[in-house]
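Participant: Predicted model follows, preceded by the sequence.
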Amino acid sequence: MPELPEVETTLRGIAPHLIKASIKEVIVRRRDLRQSVPLSLAEIEGRIVTGVSRRAKYLIIHLKGHHHVILHLGMSGSLRIVDPATEFRTHDHIAFTLSTGKQLRFHDPRRFGIVTHFIADDPLTHPLFASLGPEPLEDAFTARYLQSALKTMKRAIKLTLMDNAIVVGVGNIYASESLFIAGIHPATPACKISLPRLRLLVNSIQDVLRRSIEQGGTTLRDFLRENGEPGYFRQQLFVYEREGEPCRHCGTAIKKITQGQRSTYFCRICQKK
């Protein structure tokens, strides 16, 4: 699944092509995504793109007249800027033809993504954003905030970090990596982690996300950047999908456990409960 750095990388890739361009045509090749693509999406035709932003793993395309297109890449989605004459691939479900002579295409083999239309002064009033926690790279995400949010939570810290109500965008890969860097065992009850260790964890989350964004995201099997090329962060990973390989710090074999039906990777020596 594309995680926050992949979405941020995509935003930075597509924004220069979209901003100040107008939408000449909306092409919907199929509507049955996670949510049905609304007929009102056609109302953005002729409107100028004023900006592109991100909230959690959602991309928001802002257009004149308080129109917004909200996109989520789901499990396997990607966005590409192409020439309109390029042949459509099987899973290119939606295309936006731009006044610049380019086209933005939404590709989603598993159809678990979202492309919807919203008219409002503030797009963040959409119900999709109602229960989201703070952004991990913004000032509101601090050790004190985490201490307050986790004080009664007995759930494992790895699963807690992946809860978008606590903090958005820290998915499976980056939760595993951040916990390793902070030296915290992924099964530690969230409420048992001290404030000094939470400071380490916040710093680790922010560091690993920033580094991943700088390097173009993590190379996932399904993820492609906006130009169709994979990201490059995977080569820097400490524990994720390295079961049985030596820890880069102590040499102990990396272990894998299952938490919440997701694989968790950690070092039993470097990471303590």
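Facilitator: Thanks, I have the structure now. Keep in mind the model is a prediction, meaning the values are calculated, not measured.
Participant: Which parts of the stretch 51-200 of the chain are strands?
Facilitator: For the stretch 51-200 of the chain, the strands defined by DSSP state E, counting those that start in this stretch occupy 58-63, 67-72, 78-82, 92-98, 103-107, 114-119.
Participant: average pLDDT for the fourth one?
Facilitator: The one in question is strand 92-98. Strand 92-98 shows a mean pLDDT of 97.
Participant: contact partners of it?
Facilitator: Applying Cβ atoms under 8 Å, 6 or more residues apart in numbering, the contact partners of strand 92-98 are 17-18, 21-30, 33, 37, 41, 44, 69, 84, 88, 103-108, 111, 115. To be clear about C-beta, it is placed using only N, CA and C from the backbone, and glycine gets the same treatment.
Participant: re the thing from before, mind checking which of the strands of the stretch 51-200 of the chain is nearest residue 209?
Facilitator: The closest of the strands of the stretch 51-200 of the chain to residue 209 is strand 58-63. By Cβ to Cβ, the value is 16.3 Å.
Participant: If I look at residue 36, what pLDDT would I see?
Facilitator: Looking at residue 36, its pLDDT stands at 96.
Participant: and it, backbone torsions?
Facilitator: phi -60, psi 130 (degrees, to the nearest 10).
Participant: Let's see stretch 97-106 as CSV, backbone CA atoms only.
Facilitator: Coordinates of each C-alpha in stretch 97-106 appear next as CSV, following Å, rounded to 0.1, in the frame of the first residue of the first chain:
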residue,chain,number,x,y,z
THR,A,97,-7.1,16.0,-19.7
LEU,A,98,-5.3,19.3,-19.0
SER,A,99,-5.1,22.5,-21.0
THR,A,100,-1.3,22.0,-21.1
GLY,A,101,-1.6,19.1,-23.5
LYS,A,102,-0.9,16.5,-20.8
GLN,A,103,-3.2,14.1,-19.0
LEU,A,104,-3.3,12.9,-15.4
ARG,A,105,-4.3,9.2,-15.1
PHE,A,106,-5.5,7.3,-12.1
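Participant: Would you map the helices across this structure?
Facilitator: Listed in chain order, the helices of the chain (DSSP state H) span 4-18, 143-150, 157-161, 172-182, 195-214.
Participant: Quick one: closest of those to residue 257.
Facilitator: Per Cβ to Cβ, nearest to residue 257 of the helices of the chain: helix 157-161, 9.2 Å.
Participant: Show me what that closest one is packed up against.
Facilitator: The contact analysis (3 or more Cβ pairs under 8 Å, 6 or more residues apart in numbering; DSSP states H and E) places helix 157-161 against helix 172-182.
Participant: list the buried ones in the helix it packs on?
Facilitator: When burial is assessed from 16 or more other Cβ atoms under 10 Å, helix 172-182 yields the following buried residues: 172, 173, 174, 175, 176, 177, 178, 179, 180, 181, 182.
Participant: Report the separation between the first one and residue 23.
Facilitator: Here the distance between residue 172 and residue 23 works out to 35 Å (Cβ to Cβ, to the nearest Å).
Participant: Next, count neighbours for residue 189.
Facilitator: Neighbour count of residue 189, defined by other Cβ atoms under 10 Å: 14.
Participant: Got the phi and psi for the residue nearest to it when sequence neighbours are not counted?
Facilitator: For residue 189, ignoring the flanking residues on the chain, the nearest one in space by Cβ to Cβ, 6 or more residues apart in numbering is residue 154 at 4.8 Å. Torsion angles at residue 154 (phi, psi; degrees, to the nearest 10) stand at phi -90, psi -10.
Participant: same thing with residue 142?
Facilitator: phi -130, psi 170.
Participant: average pLDDT for stretch 265-273?
Facilitator: Across stretch 265-273, the average pLDDT comes to 95.
Participant: Quote the end-to-end distance of that stretch.
Facilitator: Taking Cα to Cα, to the nearest Å, stretch 265-273 runs 15 Å from one end to the other.
Participant: next one: stretch 98-108
Facilitator: Across stretch 98-108, first to last residue, Cα to Cα, it's 20 Å.
Participant: Ok, stretch 95-104 next?
Facilitator: 6 Å.
Participant: Over to stretch 251-264?
Facilitator: 18 Å.
Participant: Other residues contacting that stretch?
Facilitator: Looking at what lies outside stretch 251-264 - Cβ under 8 Å, 6+ apart - the contacts are 156, 158-159, 162, 172, 176, 186-187, 239, 241-247, 265-270.
Participant: With that, I have no additional questions.
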